[in-house]
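Asker: sequence first, predicted coordinates after that:
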Amino acid sequence: MSREPSVTEQQTASGRQIEACSFARVDAEAGDRSAYDAAQWAVVRRMIHATADFDFNGVTRFHPRAVTAGMEAIRAGAPVFVDVEMIRVGLSAARLGHFGIEAHCLMADPRAAERAQQAGTTRAEQAVALAAEQGWLDGAIVAVGNAPTALRAVLERIHGGVVAPRLLIAMPVGFVAAAESSEEAMAQQQVPWIATAGRKGGTPPVVACLHALLALAEEGDG
């Protein structure tokens, strides 16, 4: 008899079988993963599954309280703010809705472009500024997977005591300031963080990270 899947699982038996097989292959081929505890590995495994990139076993780093903070935020229905629409639309609406979570992105907001033009900055920076003004960062999960300027804008407000997210996911990708801004995120201890060291990051690992935390939060409620 088939069982009813949870909201954070694949919704068909075939899908669950394929995912389980993929996870088993990741486990078999990942090599040494002793740097991570079981919950952290569940996050890294899903990031590898989403990217087919085993480098995430090693470059992914965790603040000691990161997974716990993420699960607590999810169970509390904390909002999620992301730097680009690709991440927002990649998140499962059903999985977010199960916890009453709303995901926000202001990169496409015309005000961000107008402010960036006037200030000589980037839309990503101004999107963060707008989000802070609207109260979307304080007590939120903030996830950056593309724009180092967005990450630095978030960090500036954390350091200044303007906002206090529950969790910071810092995985900007690229060749200009991505690695440096990730290091800056890991250097601060005011907000728990999950980050990638170096140039690797992007939408797929951030979405996978968030989906892994959603699954862990649901398991913990079971």
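Answerer: Looks like it came in fine.
Asker: contacts, neighbours, all on C-alpha from now
Answerer: Noted.
Asker: any buried residues in stretch 105-114, and which?
Answerer: Along stretch 105-114, these residues count as buried under the neighbour rule (16 or more other C-alpha atoms under 10 Å): C105, L106, M107, A112, A113.
Asker: which members of the residues you listed occur in helices, if any?
Answerer: Judged by DSSP state H, the buried residues of stretch 105-114 include A112, A113 as members of helices.
Asker: and which of the buried residues of stretch 105-114 is nearest E180?
Answerer: Closest to E180 out of the buried residues of stretch 105-114 is M107 (21.9 Å), distances taken as C-alpha to C-alpha.
Asker: residue contacts, that closest one?
Answerer: D83, V84, E85, R123, A124, A127 (C-alpha atoms under 8 Å, 6 or more residues apart in numbering).
Asker: between all of these, which two are at the greatest distance?
Answerer: Top of the distance list for those (C-alpha to C-alpha): E85 and R123, 12.6 Å.
Asker: neighbour-wise, which of these two wins?
Answerer: R123 (25 against 15; other C-alpha atoms under 10 Å).
Asker: now do the contacts for the more buried one.
Answerer: Counted by C-alpha under 8 Å, 6+ apart, R123 has contacts M107, A112, A113, R115, A116.
Asker: what's the distance between the second one and Q118?
Answerer: Distance of A112 to Q118, computed by C-alpha to C-alpha, to the nearest Å: 10 Å.
Asker: same deal with S182?
Answerer: 27 Å.
Asker: just want to know which of these two has more residues nearby.
Answerer: Of the pair S182 and Q118, S182 is the one with more neighbours under other C-alpha under 10 Å, namely 27 against 9.
Asker: distance check, the more buried one against A28.
Answerer: S182 is 29 Å from A28, by C-alpha to C-alpha.
Asker: what's the answer for V128, then?
Answerer: 40 Å.
Asker: so these two - more neighbours on which side?
Answerer: Higher neighbour count among V128 and A28: V128, with 28 against 10, using other C-alpha under 10 Å.
Asker: hang on, the more buried one in a helix?
Answerer: Yes - per DSSP: H, G, I helix; E, B strand; the rest coil, V128 lies within a helix segment.
Asker: hmm, A150 and it touching each other?
Answerer: Yes - with contact defined as C-alpha atoms under 8 Å, V128 counts as touching A150 (6.3 Å).
Asker: tell me, what's touching the two both at once?
Answerer: What both V128 and A150 touch, as defined by C-alpha under 8 Å, 6+ apart, is the set D83.
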